[in-house]
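Undergrad: 3D, please:
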Amino acid sequence: MSTQLDQLKQLTVVVADTGDFASMKEFAPRDATTNPSLILKAAAMPAYSALVDQAIKDAGPSATLPQVIDRLLVVFGLEILKIVPGRVSSEVDARLSFDTAATVAKAREIIALYEKAGIGRDRVLIKIASTWEGIKAAEQLEKDGIHCNLTLLFSFAQAVACAEAGITLISPFVGRILDWHKAKNPTANFAGAADPGVISVTQIYTYYKKFGYKTEVMGASFRNTGEIVELAGCDLLTIAPALLAELKASTAPLVRKLDPAASAKADLKKVSFNEAAFRFALNEDPMATEKTAEGIRLFSADIVKLEQLIAQKRG
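TA: Presented below is the predicted three-dimensional model:
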């Protein structure tokens, strides 16, 4: 009997949610995603100190700390692309999440570094937080042929706005949605299909397929393999090494749960969000409001820690 991981790969593109190269080699994903927290964790490991040194050297002595961070993201990205056959996601500084012009500029700088290293735009996704400003930045970038991964996505309104903006891919955060609901209702049973994160991604996937949006759905931030099993058939799933190992160790049968043909028959109405409607919808969803804000704060804090690490190494 094949492993659950092998079964999943028949239904869904499996992506490694890590900055650790050894894990990528072990589980053979098609793509890999990174974020400031994962890069910080990897950069602090002795095994990757040479890459940090390389980023500092490549950036040059006159480079600002944000410019060195960009180099570091790309250095890691280039190493990842030696392992995975598909794409790597590299994240724009979360401190720019409410600045459309600055996000566009930063994304172009990151893409330019990849292109200088010989990597085409088809192999890179620029990760941007799913704020209104971030979505509008991504809309501009997509028109320029720079593909985007809208992250920190917790609500249907965010997902619809991304699809209407022509975004390549979204990353709804399954586990963080569950975290919020468990904190509010600690005795509730959120197992399997009752998991609120699973419910959210299923709703988004069904809506996208029903109305023919090209934006891909990549479930992210999983807390257990049960969430992954319930989302088998999703376009992509980005999974941390510990959960990939659990899937690899299991031979339990895995069946498709998300299906384009079934979604096409769903009884849904098409909706749209301008800026005012988007902000109001987000405001009406306390989970999405709180988790988006928290995610931006956490990623911003880890960028600061990365800058401190770089500053120490520069001396």
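Undergrad: Helices along the stretch 151-300 of the chain, start to end?
TA: 156-164, 174-184, 196-210, 225-230, 241-249, 260-264, 275-283, 286-314 (DSSP state H, counting those that start in this stretch).
Undergrad: From the contact counts, what lies against the last one?
TA: Pointing back at helix 286-314 there. Contact here means 3 or more C-beta pairs under 8 Å, 6 or more residues apart in numbering; DSSP states H and E; on that basis helix 286-314 packs against helix 36-43, helix 49-59, helix 65-81, strand 124-129, strand 148-153, helix 156-164, helix 174-184, helix 275-283. In short, each C-beta sits where N, CA and C put it, glycine included.
Undergrad: which of the ones you listed is buried the deepest?
TA: Most buried of the helices and strands packed on helix 286-314 by mean neighbour count (mean count of other C-beta atoms under 10 Å) is strand 148-153; its value is a mean of 30.
Undergrad: relative to helix 286-314, how tilted is that strand?
TA: Angle of strand 148-153 versus helix 286-314, following axes from the mean of the first three to the mean of the last three C-alpha atoms, to 10 degrees, is 110 degrees.
Undergrad: still on that earlier bit, could you dump the helices and strands packed on helix 286-314 to TSV with mean pLDDT?
TA: Output for those, formatted as TSV (pLDDT from 0 to 100):
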stretch	mean pLDDT
helix 36-43	85
helix 49-59	90
helix 65-81	93
strand 124-129	98
strand 148-153	98
helix 156-164	98
helix 174-184	97
helix 275-283	98
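Undergrad: is it possible to export the ones you listed to JSON lines including distance to residue 303?
TA: Converted to JSON lines, these look like this (distance: least, C-beta to C-beta, whole Å):
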{"stretch": "helix 36-43", "distance to residue 303": "5"}
{"stretch": "helix 49-59", "distance to residue 303": "14"}
{"stretch": "helix 65-81", "distance to residue 303": "7"}
{"stretch": "strand 124-129", "distance to residue 303": "12"}
{"stretch": "strand 148-153", "distance to residue 303": "14"}
{"stretch": "helix 156-164", "distance to residue 303": "22"}
{"stretch": "helix 174-184", "distance to residue 303": "19"}
{"stretch": "helix 275-283", "distance to residue 303": "23"}
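Undergrad: Of all the ones you listed, which one comes closest to residue 135?
TA: The closest of these to residue 135 is helix 156-164. By C-beta to C-beta, the value is 5.1 Å.
Undergrad: where does the closest one sit relative to the chain's centre, distance-wise?
TA: 15 Å (C-alpha atoms, centre = their mean, to the nearest Å).
Undergrad: That helix vs strand 124-129, what angle?
TA: Going by the same axes, to 10 degrees, helix 156-164 makes 150 degrees with strand 124-129.
Undergrad: Would you mind pulling up the elements that helix 156-164 packs against?
TA: Contacts defined by 3+ C-beta pairs under 8 Å, 6+ apart place helix 156-164 against helix 132-143, strand 148-153, strand 169-172, helix 196-210, helix 275-283, helix 286-314.
Undergrad: run the last query once more with 10 Å
TA: helix 132-143, strand 148-153, strand 169-172, helix 196-210, strand 216-219, helix 275-283, helix 286-314 (3 or more C-beta pairs under 10 Å, 6 or more residues apart in numbering; DSSP states H and E).
Undergrad: If I average pLDDT within each of these, which one is lowest?
TA: Among these, helix 286-314 has the lowest mean pLDDT, at a mean of 94.
Undergrad: before we move on, the earlier item: residue 242: which of the helices and strands packed on helix 286-314 is closest?
TA: helix 174-184 (12.3 Å).
Undergrad: Residues contacting that closest one, please?
TA: With C-beta atoms under 10 Å, 6 or more residues apart in numbering as the test, helix 174-184 has contacts from 152-155, 173, 188, 190, 195-201, 219-224, 227-228, 230-231, 234, 237, 240, 243, 286-288, 290-292, 294-295.
Undergrad: Put the buried members of those into a ChimeraX selection.
TA: One line in ChimeraX is enough to select the buried members of the contacts of helix 174-184, burial here meaning 16 or more other C-beta atoms under 10 Å:
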select :152,153,154,155,173,190,195,196,197,198,199,200,201,219,220,221,222,223,227,228,230,231,234,237,240,243,287,288,291,292,295
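Undergrad: need the contact list for residue 9.
TA: Residue 9 makes contact with 2-3, 27-30, 247 under the criterion C-beta under 10 Å, 6+ apart.
Undergrad: Out of those, which end up buried?
TA: For the contacts of residue 9, a burial check counting by 16+ other C-beta under 10 Å picks out 27, 29, 247.
Undergrad: and those residues as CSV, adding distance to residue 258 and pLDDT?
TA: Converted to CSV, those look like this (distance: C-beta to C-beta, whole Å; pLDDT from 0 to 100):
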residue, distance to residue 258, pLDDT
27, 21, 94
29, 19, 95
247, 17, 98
